[in-house]
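[1] Need the 3D shape of this:
(2 chains)
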Amino acid sequence: MNIDVRPEVTLEVVGRELNDGGFVARQQGRHYLLGVPAALLIALLVVPMVWTFGWALDADVPVVGNFQALFTDPAALRSAWHSLLWVGIALVLIAVGYGIAVLSLHIGEKRWQLLLYALIVPFGVSAAVSGAVFRLIFDPNPERGMATALFGGNVTWLGPDLIWWVLASAFAWSWLGFIVVLFRAGLASAGGATFRLGRWTLAQPGPVTAIVVLTVLVAAIRVFDLVLIAAPGSMQEDVNVMGLQWWLMTVRSADTGGPAALAVLLFAVVAALSATGMRTTRPPAGRPPAVARTGSSRWWSWPLVGFIGLMWVMPVLVLVLTAFHSPDSAGAVGWWHFDPFSLSSFASVGTTWLWPAVAGSFLIAGLATGLVLVAAVPLAYLVTWAAPPRLAGVLTGLLAILAVAPVQMYAGPLGAAFGELGLTGARAPLALVHAAAGLPFATLVLRSAFRAAPVRDGRPALDKMWWRGPYRTTLVAAGVLEFILVWNDFIVGFLINGSASSPLTLLLWGEARQFGSSAGTVAAAAVVSAVVPIALLLVTWQRVVAGLTGKVAP
Amino acid sequence: MRRAVHRRTLLRAAALTPLAGLVTGCGELGQAVGLGDFVRVAVTWSAAELAAFARVLDRRGTAGYELIPLGDSIRAALSSRTSGRADIVAVPQVGHVTANLGHLAPLPAGVWRAEYDRIVPAGARRYALPFKLANTSVVWYRKDLGITPPDTWDAWLALNEDLIDDGIAPLALGGADGWALAQFFDNVLLRTFPATFDALTGRHEANLWTSREVRTAFEMVATMWGQAGALAGGAGKALVQQFPDAVLELCRYGRAAMVPAPDFAESVIRRFAPDPRAYDTFTFPAGGTEDSPPLAVSSDLLVLAGPASGPAQDLLRYLATPAAPVPWIRDTGGFIAANPDTDLRYYSPTLRRLAKELRDNDIRFGLGDQLGGLGGSEGLQPVLQNLLRGIAAGVAPREAARTAGQAMVDAEHRTGS
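    Numbering: from 1, shown residues only, chains lettered A, B, ... in the order given. From the prediction side, this is the model:
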């Protein structure tokens, strides 16, 4: 049997439970070949990360020098404080999302469906787009900014006092749907189990909690493009975060040690947070007591659904209505002015830069998704079914660490290598980096879904996974998530490859340079940028949720 | 059975071939993977200016370019560490060119004009082609208020006071764009203490930031901005609105009587004003005793990323011709061609006057162009934004100016200039 010539035969054998001990041992060795594509991709992350560690430790005072400099730099300290503030915002949001998920069990199926669509749409939108939407709503001109107009022009939302509220709202708008939907699915599948938090007994959302806490915390500490696009230039220092500080340091000086030390620090914070998050959300041993739950609607369910639904749909409406004003109208007056419906904002971006950028984003996201699946499915298979439990545990731990590693950990050396090799601005290599960056998370998603999938007749054959319900659902979920993550990415493309690789999100930021007066073209580009992931999400969300929680799609 | 599958595959392939041909024919595919003869042009412009530049390129007749609006990250497009590969980059600051000569290709032969020598410093001359010039010593005003253009700083202060008494805010500022504030300071310093301005940019002496002249300039700025009722919407709003929004305060919402803004404010006025002819300009008033101090300018320069392809060189040669920017000048406005042979008749009367002023007067690049980060995003810009913030918080102008002066000394120390 030759694995190179006839892989399908080998893989079929891999999938069977075999009793002949010697044969299994020989096959065991070959199992590890399943990890080869993933190992090659992961090397693309690990090697630059080691490099960054090297830069961080290399200073006049060896090992600690760069860190000492960091702790005496007021700008860096301030950015670290702001990053911690984001963690607090994320924790509050997770708690609110959990509360809404618990309440949502009492609002009846029909109303829940309505709420669901309002909540899920923003999750498909990139941080750059949601930043643009909220800056539009809170524009300081009463003629243009809805929130400013409502308060009679007396409030400067984007000023030093309120800018954090604007940013936190934008973040909440993007992430609340994800939190509520997953918690609700978890609560439903945990069948009324409870856990204790201090004095309270709360409904247990199950293993999905780890994914929720991890994803939202990491998203909060990685906040980058949201701040860049939503905060006016004069407010950037007030909302500077570690990720942005890293970028400013690399742009302002050729020193590699300072930024590397900051990246290591950021990495340490993220890793510590996610380790704590994983530990505290581990399901308790034994069968906990069940809580009584009713599925009937309560009197408050209509106001609740109405309020949240309206708040969550409103930004979408603002964006779309602004986009359908002409550039001259949208740049001077808000969407509520009844100017004639116009496609000229779309035409304006269409004739300058939009379509090559859309093509570029499709290419990058499609290629990265394909690469991730090709590498992650065999690796997840290996970790779930083929590797010994101890090794599987170690591999999973490593993947979890890599999944939360901030881009800044590998952006420096990779960017330099891209420059040396003349690859900057090229799209295919960027897709490769995206695939490497997305691989750990995709593998973890696949693994947890594989484990949760009902086992009917032993482990499946690798090449048959697509044809079996639960696994196909999982592959679709992982693929859709990866496509959306890459499509919506700003930071990987920006830090490693420069804006000239021109994915949509980066050029949207360029278009937004003169934000208010460009509102029409910015909104038009944002709509185009948001349509693709939202459509994808709306078509597949049931499979995505089922895939993430390990259930069979209906 | 087997044959049927085969035939179906063939048919499918046959159906797809013209589609594939269409895609590659449009070049979208080649463009998407970064192949082909596409010239990638990176610019800072957005919105109307970007559309105007697209018309400039379209007029050439071939669509073989891709426009990349990089906004403020254009600076990174030139350096190698977080760089993106564009073939032609329109650089908004001379300083960026000199700092990145290693990544650039020399200009093609025959595009250089002797007149460019006074725009581009000697070190960058073979690499950076001036395309757009901007006269930044300009104040736009509403003609309907009966304003007599002030020719001295004191006359300007008095005019502001009269306007405040009449119940209209004299000034609008785009404080969210640090450069807009920095250009105001450039003008105060250059047109009041030109010798100090030159000494600062020539770095003849250390500790010039602590000099009496610089302190006075900061005080002049703080006094004008800090006058009660001087800024439309108050200092807090001025801090978060951008440059075009300040122009809108003048030409659309009518809440400000004047905007200190470069000639390119014209593109905003033409787009948004009900009547674009209701506005005129005066030269930024001189504060000192000197006769006709120099004017402040900025320029967008075209550079070729090295090694330069043939099509990229051809496109640059085209952009160097006198007629190339005509669509921008005629249809959008707010563009002064660096090429001395560009026909003046395409300009609006106001822009024609501003273009002539640049030809006839001594010119200086702003501190941001000449001092890099210290005159820009790592020094002067945040310092002036903080000054504005102090005024918004009720700090006395004199105190705010003193803090700003000290902050510049610290910034000089920090950036190692």
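[2] Next up, the contacts around A:V121.
    A:177, A:312-313, A:316, A:534, A:537-538 (C-beta atoms under 8 Å, 6 or more residues apart in numbering or on different chains). (C-beta placed from N, C-alpha, C; glycine too.)
[3] can I get those in a markdown table with neighbour count and pLDDT?
    Listed next are the contacts of A:V121 as a markdown table, based on neighbours: other C-beta atoms under 10 Å in any protein chain shown; pLDDT from 0 to 100:
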| residue | neighbour count | pLDDT |
| --- | --- | --- |
| A:G177 | 26 | 92 |
| A:W312 | 20 | 94 |
| A:V313 | 16 | 94 |
| A:V316 | 18 | 95 |
| A:I534 | 19 | 93 |
| A:L537 | 20 | 90 |
| A:L538 | 13 | 88 |
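[4] Among those residues, which lie within helices?
    Among the contacts of A:V121, the members falling in helices (DSSP state H) are A:177, A:312-313, A:316, A:534, A:537-538.
[5] could you dump those residues to TSV with distance to B:W179?
    TSV is the format used below for the ones in helices among the contacts of A:V121 (distance: C-beta to C-beta, whole Å):
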residue	distance to B:W179
A:G177	39
A:W312	37
A:V313	38
A:V316	34
A:I534	36
A:L537	39
A:L538	42
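[6] So which of the residues you listed reach chain B?
    Among the ones in helices among the contacts of A:V121, not one lies near chain B by C-beta under 8 Å from any C-beta of the partner chain.
[7] quick one: which two of those residues are the most distant?
    A:V313 and A:L537 (15.3 Å; C-beta to C-beta).
[8] I'd guess B:W225 is in a helix, am I close?
    Yes. According to DSSP: H, G, I helix; E, B strand; the rest coil, B:W225 belongs to a helix.
[9] ok, it touching B:L388?
    Yes. Using C-beta atoms under 8 Å, B:W225 is in contact with B:L388, at 6.4 Å.
[10] Find residues that contact each of these two.
    Joint contacts of B:W225 and B:L388 (C-beta under 8 Å, 6+ apart) are B:173, B:235, B:238.
[11] Neighbouring strands - and their directions - for the longest strand anywhere in chain B?
    Taking DSSP state E as the criterion, chain B has its longest strand at strand B:295-305. Partners of strand B:295-305 in the sheet, by DSSP bridges, are strand B:88-91 (antiparallel), strand B:104-105 (antiparallel), strand B:128-135 (antiparallel), strand B:363-365 (parallel).
[12] Can I get the ones you listed in JSON lines including mean pLDDT?
    Output for the strands paired with strand B:295-305, formatted as JSON lines (pLDDT from 0 to 100):
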{"stretch": "strand B:88-91", "mean pLDDT": "92"}
{"stretch": "strand B:104-105", "mean pLDDT": "90"}
{"stretch": "strand B:128-135", "mean pLDDT": "96"}
{"stretch": "strand B:363-365", "mean pLDDT": "94"}
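[13] Let's have those strands in JSON lines, adding mean neighbour count.
    Converted to JSON lines, the strands paired with strand B:295-305 look like this (neighbours: other C-beta atoms under 10 Å in any protein chain shown):
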{"stretch": "strand B:88-91", "mean neighbour count": "25"}
{"stretch": "strand B:104-105", "mean neighbour count": "20"}
{"stretch": "strand B:128-135", "mean neighbour count": "24"}
{"stretch": "strand B:363-365", "mean neighbour count": "21"}
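[14] Go through the strand or helix carrying A:F267 and flag the buried ones.
    In this assignment (DSSP states H and E), A:F267 forms part of helix A:257-280. Residues of helix A:257-280 classed as buried by neighbour count (16 or more other C-beta atoms under 10 Å in any protein chain shown): A:257-267, A:269-270, A:273-274, A:277.
[15] so for that helix, what's the average pLDDT?
    Helix A:257-280 comes out with an average pLDDT of 85.
[16] residues in contact with the residue lying closest to B:N100 once chain neighbours are set aside?
    The shortest distance from B:N100 to any residue other than its chain neighbours is 4.2 Å, reached at B:L78 (C-beta to C-beta, 6 or more residues apart in numbering or on different chains). B:L78 is in contact with B:89, B:91, B:96-97, B:99-100, B:103-104, B:303, B:305, counting by C-beta under 8 Å, 6+ apart.
[17] between those, which is nearest A:A188?
    The closest of the contacts of B:L78, once distances to A:A188 are taken by C-beta to C-beta, is B:V89, at 54.5 Å.
[18] Isn't that closest one up against B:D300?
    No. If you go by C-beta under 8 Å, B:V89 and B:D300 don't touch, sitting 10.0 Å apart.
[19] Any idea which helix or strand in chain A has the lowest mean pLDDT?
    None of the helices or strands of chain A scores lower by mean pLDDT, DSSP states H and E than helix A:7-14, at a mean of 34.
[20] Ramachandran coordinates for the residue lying closest to A:Q514 once chain neighbours are set aside?
    Nearest in space to A:Q514, with sequence neighbours left out and distances taken as C-beta to C-beta, 6+ apart, is B:P244 at 5.0 Å. Per-residue torsions, B:P244: phi -60, psi -30 (degrees, to the nearest 10).
[21] I'd like to know how far B:Y65 sits from chain A.
    Note on B:Y65: its distance to chain A, by C-beta to the nearest C-beta, to the nearest Å, is 10 Å.
[22] Now for that residue: which residues touch it?
    B:38-41, B:57, B:315.
[23] Strands along chain A, start to end?
    A:194-197, A:200-203.
[24] ok, the residue nearest to B:A228 when sequence neighbours are not counted - how many residues close by?
    Spatial nearest neighbour of B:A228, excluding adjacent residues (C-beta to C-beta, 6+ apart): B:I164 at 7.4 Å. Using other C-beta atoms under 10 Å in any protein chain shown, B:I164 has 16 other residues around it.
[25] how far away is B:I164 from B:L171?
    10 Å (C-beta to C-beta, to the nearest Å).
[26] now A:W299
    As judged by C-beta to C-beta, A:W299 and B:L171 stand 56 Å apart.
[27] just A:R472 next, same as before
    In terms of C-beta to C-beta, A:R472 sits 64 Å off from B:L171.
[28] Comparing these two, which residue is more hemmed in?
    Taking other C-beta under 10 Å, A:R472 and B:L171 do not tie; B:L171 has more neighbours (25 against 16).
[29] Isn't the more buried one up against B:A256?
    Yes. B:L171 is within contact range of B:A256, at 6.1 Å (criterion: C-beta under 8 Å).
[30] shared neighbours, those two?
    B:A232.
[31] Can you verify my assumption that A:T396 contacts A:L444?
    Yes. With contacts counted by C-beta under 8 Å, A:T396 reaches A:L444, the gap being 7.1 Å.
[32] Looking at these two, which has the bigger crowd around it?
    With neighbours defined as other C-beta under 10 Å, A:T396 and A:L444 compare such that A:L444 has more, 22 against 19.
[33] any idea how far A:S518 is from B:G71?
    10 Å.
[34] what residues are shared contacts of the two?
    A:511-512, B:46.
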